[in-house]
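> Structure, please.
(chains A and B)
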Number of protein chains: 2
Amino acid sequence: MKFNHFSFFEKSFTEKLEELDKLGFSYSVFMEDKKILRDFLIVAPIDMTVLQATAELSVLDFLKSSQQLDWEIYWTIVLQLIGFTPHFEFNIEESVKFAQSVNLPMIDDELSSEALISALYLLLATRCKNGMLLVEHWVSEGLLPLDNDYHFFNDKTLATFDTSHLIRETLWVESSVDTASRGQYDLIKVQIIHPHYEGQLPAVLTASPYHLGINTIANDKQLHDMTGNLEKKGDQTLSVKSQLPQTPHYEKNQVEQADSSTYGFTHSWTYSLNDYFLARGFASIYVAGVGTRDSDGLQTSGDYQQIYSMTAVIDWLNGRTRAFTSRKKTHEIKADWATGKVAMTGKSYLGTMAYGAATTGIDGLEVILAEAGISSWYNYYRENGLVRSPGGFPGEDLDVLAQLTYSRDLDGADYLKSHTEHQVFINQMTTSIDRSTGNYNQYWEDRNYLPHTDKIKADVLMVHGLQDWNVTPEQAYNFWHALPNSVNKHAFLHRGSHIYMNNWFSIDFSEIINNYFTAKLLDKPLSLQLPPVILQDNKEEQTWESLDEWGGKSQFSLPLSQKPDLTSTFNNHYEKEQFDSYSKDFNVFKKDLFEGKANSSVIDIDITEDILVNGKIQLELKMKLNDDKGLLSAQLLDFGDKKRLADRAQVQDLKVIDRGRNFMLDDLTELPFVDSPYQVVSKGFTNLENRQSLLSTSIVPVNEWFTVNLSLQPTVYQLNKGDKLRLVLYSTDFEHTIRDNREVTYQIDYSESKIILSR
Amino acid sequence: MKFNHFSFFEKSFTEKLEELDKLGFSYSVFMEDKKILRDFLIVAPIDMTVLQATAELSVLDFLKSSQQLDWEIYWTIVLQLIGFTPHFEFNIEESVKFAQSVNLPMIDDELSSEALISALYLLLATRCKNGMLLVEHWVSEGLLPLDNDYHFFNDKTLATFDTSHLIRETLWVESSVDTASRGQYDLIKVQIIHPHYEGQLPAVLTASPYHLGINTIANDKQLHDMTGNLEKKGDQTLSVKSQLPQTPHYEKNQVEQADSSTYGFTHSWTYSLNDYFLARGFASIYVAGVGTRDSDGLQTSGDYQQIYSMTAVIDWLNGRTRAFTSRKKTHEIKADWATGKVAMTGKSYLGTMAYGAATTGIDGLEVILAEAGISSWYNYYRENGLVRSPGGFPGEDLDVLAQLTYSRDLDGADYLKSHTEHQVFINQMTTSIDRSTGNYNQYWEDRNYLPHTDKIKADVLMVHGLQDWNVTPEQAYNFWHALPNSVNKHAFLHRGSHIYMNNWFSIDFSEIINNYFTAKLLDKPLSLQLPPVILQDNKEEQTWESLDEWGGKSQFSLPLSQKPDLTSTFNNHYEKEQFDSYSKDFNVFKKDLFEGKANSSVIDIDITEDILVNGKIQLELKMKLNDDKGLLSAQLLDFGDKKRLADRAQVQDLKVIDRGRNFMLDDLTELPFVDSPYQVVSKGFTNLENRQSLLSTSIVPVNEWFTVNLSLQPTVYQLNKGDKLRLVLYSTDFEHTIRDNREVTYQIDYSESKIILSR
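Numbering: from 1, shown residues only, chains lettered A, B, ... in the order given. Purely as a prediction, here's the structure:
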């Protein structure tokens, strides 16, 4: 077990006294140690009679005794306050040692009244075993009144807003787009939850096309067959231009103002991090955008029309567009409860919308927290001129996602009105995404946010799993590097797959975000000294480190063979039974592949010194095919039995994280550290006709040696002396690529090939 | 997908009209069909504009049209109301057919005003796709006001109590026991949650020794080593007597009455079924009993002193004992908010406490819902004179559980006071449970509730998983058969392991319990026509059946060999490496065992006709050993590849079941129906020295044939013609028994052996 604290900000002693006083802990340096401690325990919402102080004395007996307080006794007591059990989890005589062993923050000074007060201040800003800061745990236990007003500690807002009396409003915001060319702006349904408050509130906005329902049946019907033959492209040069959609200008007729909304709502999906902020005086807003249930329009899936249908909410919050109390547009309603300051949050498609919204440069959007977001949709469904399915979802594509999220079809009455029109639109999309060549084109360019990062004004917080093979790490890496220097940015790089990290034990993530949102949305100075990159260690459990940059400055290459003239050959073709078995379950294929049993060429590379690989990983390969088209797949493994972090969080304790005051209890989780035979470090795929560039193609020279440069997914990965990297080169990948079963022989000349790493 | 409804009770038409009227649906038979339908949709808390009525018309257009209502249109509309999506989940023109295919309850009559009203009444009592009755779903959406008063529909209480303003009280009840012989009655901490209500409330009580914390570290330290040699018992006759603990009589000094409690509580574990009742006007009470955190006494683990420390709460609710506002006993507090009527609920140890409490015959306990409870602790940790660990927990025993649940040790101050004394008590327990022989004795008899069932007055509802190898099915079966005829009883037998079934899609479990508790605790007639046994089918998914009795009246035997003189031999001993591998992970052993790769004798029995095996399964085996002691293990498998229900529920939809009004949202789950190679039907274990009886032992005659009668776990299991049973006979079981690695050869004479089944 190891604590990692990034959210603590050191204050002056006077500030500490003031902040403690506001919580009800009133001290001065003239007070005796034991009186300070006693008062602390009396004010705290705990039963102090159950606590032990020394091997012989309970806290009550100790306070009555003449024995002096020392750090050992201090830690014996406070370890119990943060949830540890004496005798079983730690030994009474070894409390300081135990606290150090689990990395609890500590005051080094000799014990004095001042040191003790500082230690108690620090303790309140320290995490409990249940995953909450002690101050937050105690507020949820009643330390502060539920007065619907802001309270702060160590520059974090506290849960003092009453979540048992929330205002829930549904309204329809007027977007700037008309996706179905109806001659009217698309109306977008918005769900708002906010606490009662005298003044104006900031808002946390989650734009989720899934929010109002998904159509899994339509999704499954739209799935593409992965079996087929790779198409030959020949010599082509492609060009695209960076452009934004034209928005129409329609007359806006004057309507009456409503004092309050007409429709509320009772049940809806909420995001636990938004719930956390809701209890702390930040409104929660959910919007699903064009083409979703109870909104207008087509499901344009990732383009700026969809983005604008989301940012319309921010425009409304800032008085720049209208919202109506119903779809009939008879009454307008103002956001007079809102300051207009907004943070966007969410994972996957939700994080994607946050990336996209930030690139519009919209005023009012102060910060985005994009978790596992997509920055360019081409890179989600394609790679280097090749159709490449996201990990775990062979056959998925943009049109499949459009079917999934066109939730207007879920309402029978709306189906009658709009299904046929949307189906025509989907068919056009199926053509436009061009699965036959896998080429980049204008349709994909219109769904690429990277060319528009120059307009970003919001601070950018990103979270990405380095084991996320669904939305791959390059999505974050490319956005990170596309940001202008003027933008404040921080990346949380964890070792999980496509998952949230806001309820993990080992890092005070929600609390960091609390400091950040508090500063940006409540006009406080941003005190937090957050490093640019907060990196989860891959060699140890529950360990997080600071890094200055994602992507090392220097590159170094490792030869793939020490011997001259080492060549290797593999074929693309499988016998029918094997092909069918791999097609049926790509996990069977993956296991065989990683164990060297599938069609592939495998090279093991011994690591002779400790290296932190940071950023891009590139292959330079000399190869030869007996055909004029082909694809290349590469996976790089950290190979050999050892303990590694699993890529999914495991529940450590059920419902112990309170997001407010008995509000939306969340499980405490962590990536388990387990025995594993190997782990994917990176992977990459390319159509060999795109071996020179994404925008130009040329046929593969049959039976001639040529060189391929292939960039694999960027990562940050610690390799130590004695580790072994395994590079697996092959063609058809049953999870990601077209299942092309032609007889093609690939030859690799390892003596003329290398791997280039950044550090 | 298949619906199964057991909670519906057919009412007279007049009653239906009245009940509908109380929900706001006011009809008469003189109203036109379409007006009835329109009014229904207007009153319902839904947006009727999104609904479709026919292939061409939305509901709004249909209501305006001259088209007549028919059942096809009715079902098209109501399928949408209960959560199905037209076009995708069902075809518009085939609504009736679809409703039939998923077993939705239906009115057979021709469409008329009366039939329509009856259909709508039935519809409200029908489950939605989200696992809630439509009426409950709509109440949670606001159909009724949150008025803190009782409302009923089809003899179920509805969620009209405000769970955002609950009263949470902690108090200490005076039990009748003094487990540590202090000369004072043990005070027991009780946590109570109840809604505001003008009158008096009934209570749902969960007695859980886990409730205030568990000590997993002490548990793990106490675990027993499974490796060892079986001890020879020789000729013994044991005797025990049925007895109850003497309770002391101490003076009770008069104290002041308090108007209200002094202590509340903010956070605690709650049981989702209790939460469901809390929103419906039933208090929730949690008690952990003697030897738990903040209570007095020793952890007596399963005896009647522990039971009495739980039932003390019922005594207090009925004014028969005192409760205090603090452990200082300065102020007494009365349960003037309570009617005194109580239902007990809970799974595993919690269900065990319910069984035990029922056998005290205490007044006020009207009904118990015991889920996977233990009826005799000997049968949990022993079997037929053999130490037999519960499935999944080798090395566990009663003293281990006592360490786990002696939560007083979790508070340092209490540890100082009582740890040493409790440790002495635990050491005595370790001796008393007698792992060396595995014999039944007085200590176990004192933890057997079966001899006391004659005192039961409460109705008994039991739930047990037929794949529960932790708390085995016999625990329920034996209680079932020990009940006097006067007791009303119902058993829910599901196909899961040691799990809850209150949030499954396929059965309206919570609603059945609602009918039952409403009748028993709110003094209503029990209208429900519930069969004695509600059985989950093992051949089909999502199918539940009614059965009159658990345990068939007739027995039939199958020979284990058609051939004369078929004998089989196996040895007990494993080579060290194999032994260590099986010891390290008993799942490796189980897989080998079931596939015939471990030391065992395997006989396959072809099933030649359809049989519902119901109740006991017995083996009569002729066998011979070359040693004078030994153990026999037997497992009976349904063998061969087919689809079977998995034994753990899988989430179908996250947080869609609302236990009140946006209160304690629960996941909808179901046992998945999956490909599997085999399934355990039953198993059994015996010390061969106990081959004649539990209470008398005799050595095994060396190298002589003898007969063993072994009862396996009772079950209910449908076998069809063509199925194959596999009987696996062996000695050491690495999950359940002592790991005795002696060289012993077992011989079975199959031609003189048989299996006896009940049906």
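
> what residues are up against the spatially closest residue to residue A:152 that is not a sequence neighbour?
Here the nearest residue to residue A:152 in space, its sequence neighbours aside, is residue A:158; by C-beta to C-beta, 6 or more residues apart in numbering or on different chains that works out to 6.7 Å. In short, each C-beta sits where N, CA and C put it, glycine included. For residue A:158, the set of contacting residues under the criterion of C-beta atoms under 8 Å, 6 or more residues apart in numbering or on different chains consists of A:135, A:136, A:139, A:144, A:151, A:152, A:280.

> ok now do residue A:466, which residues does it touch?
Taking C-beta under 8 Å, 6+ apart as the contact definition, residue A:466 lies against A:473, A:493, A:494, A:495, A:536, A:538, A:715, A:716, A:717.

> Without its sequence neighbours, what residue ends up closest to it?
Computed as C-beta to C-beta, 6+ apart, the closest residue to residue A:466 that is not its neighbour in sequence is residue A:715, at 5.1 Å.

> neighbours around that neighbour, how many?
A count of neighbours around residue A:715, defined by other C-beta atoms under 10 Å in any protein chain shown, yields 25.

> Just the pLDDT for the residue nearest to residue A:152.
At residue A:158, the model reports a pLDDT of 98.

> try residue A:561
On pLDDT, residue A:561 comes in at 86.

> Helix or strand: which one has the closest residue to it other than its chain neighbours?
Across the structure, with C-beta to C-beta, 6+ apart as the measure, the residue nearest residue A:561 apart from its sequence neighbours is residue A:750 (3.7 Å). Residue A:750 is part of strand A:745-758 when elements are defined by DSSP states H and E.

> Could you pull out the buried residues of that strand?
Using 16 or more other C-beta atoms under 10 Å in any protein chain shown as the test for burial, strand A:745-758 gives A:745-755, A:757-758.

> can I assume residue A:351 sits in a helix?
Yes: going by DSSP: H, G, I helix; E, B strand; the rest coil, the assignment for residue A:351 places it inside a helix.

> Spit out the contact partners of the closest residue to it other than its chain neighbours.
Nearest residue to residue A:351 in three dimensions, chain neighbours excluded: residue A:373, at 2.9 Å (C-beta to C-beta, 6+ apart). When contacts are counted by C-beta under 8 Å, 6+ apart, residue A:373 is found next to A:347-348, A:350-355, A:462, A:471, A:475-476, A:479.

> List the contacts of stretch A:84-98.
The contact list for stretch A:84-98 (C-beta under 8 Å, 6+ apart) reads A:52, A:54-55, A:71-76, A:79-80, A:106, A:129, B:215, B:217-218, B:409-410, B:412, B:415, B:419.

> Return the set of buried residues in it.
Buried residues in stretch A:84-98, counting neighbours by 16+ other C-beta under 10 Å, are found at A:84, A:85, A:86, A:87, A:88, A:89, A:90, A:92, A:95, A:96, A:98.

> per-residue confidence averaged over it?
Summarised as a single mean, pLDDT over stretch A:84-98 is 97.

> before we move on, back to that, of the contacts of stretch A:84-98, buried ones?
A:52, A:54, A:71-76, A:79-80, A:129, B:215, B:218, B:409-410, B:412, B:415, B:419.

> Name the nearest residue to residue A:348, sequence neighbours excluded.
Leaving aside its chain neighbours, residue A:348 sits nearest to residue A:372 (5.3 Å; criterion: C-beta to C-beta, 6+ apart).

> Counting neighbours, what do you get for that neighbour?
If you count neighbours by other C-beta under 10 Å, residue A:372 ends up with 29.

> Likewise for the one 3 residues further on?
By the measure other C-beta under 10 Å, the count of residues near residue A:375 is 26.

> what's across from the most centrally placed residue in chain A in the sheet?
Taking C-alpha atoms, centre = their mean, the centroid of chain A lies closest to residue A:371, which sits 2.0 Å from it. With DSSP bridges applied, residue A:371 shows beta-bridge pairing to residue A:347, residue A:463.

> OK, contacts around it?
With contacts defined as C-beta under 8 Å, 6+ apart, residue A:371 is in contact with A:345, A:346, A:347, A:348, A:350, A:351, A:462, A:463, A:464, A:500, A:501.

> Please look at the third one and residue A:500 and confirm they touch.
Read that as residue A:347. Yes: because the distance of 5.7 Å satisfies C-beta atoms under 8 Å, residue A:347 is recorded as touching residue A:500.

> So for the two, which sits in the more crowded spot?
Of the pair residue A:347 and residue A:500, residue A:347 is the one with more neighbours under other C-beta under 10 Å, namely 26 against 22.

> ok, what's across the strand from residue A:614?
Where residue A:614 sits in a bridge, its partners, by DSSP bridges, are residue A:716.

> got the contact list for it?
Residues counted as contacts of residue A:614 (C-beta under 8 Å, 6+ apart) are A:547, A:549, A:550, A:551, A:552, A:716, A:758, A:759.

> Could you do residue A:40 as well?
A:25, A:120.

> Okay, it and chain B: tell me how far apart.
Distance, residue A:40 to chain B, by C-beta to the nearest C-beta, to the nearest Å: 17 Å.

> which stretch of helix or strand covers that residue?
helix A:33-43.

> What are the buried residues along stretch A:722-731?
A:723, A:725, A:726, A:727, A:728, A:729, A:730, A:731.

> would you turn the residues you listed into JSON lines with secondary structure?
Compiled in JSON lines, those are given as follows (three-state DSSP):
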{"residue": "A:723", "secondary structure": "coil"}
{"residue": "A:725", "secondary structure": "strand"}
{"residue": "A:726", "secondary structure": "strand"}
{"residue": "A:727", "secondary structure": "strand"}
{"residue": "A:728", "secondary structure": "strand"}
{"residue": "A:729", "secondary structure": "strand"}
{"residue": "A:730", "secondary structure": "strand"}
{"residue": "A:731", "secondary structure": "coil"}
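
> Can you narrow the residues you listed down to the ones near chain B?
Contacts with chain B within these, counted by C-beta under 8 Å from any C-beta of the partner chain: none were found.

> Take these and write them to JSON lines, including distance to residue A:561.
Compiled in JSON lines, the buried residues of stretch A:722-731 are given as follows (distance: C-beta to C-beta, whole Å):
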{"residue": "A:723", "distance to residue A:561": "19"}
{"residue": "A:725", "distance to residue A:561": "14"}
{"residue": "A:726", "distance to residue A:561": "14"}
{"residue": "A:727", "distance to residue A:561": "11"}
{"residue": "A:728", "distance to residue A:561": "15"}
{"residue": "A:729", "distance to residue A:561": "13"}
{"residue": "A:730", "distance to residue A:561": "18"}
{"residue": "A:731", "distance to residue A:561": "21"}
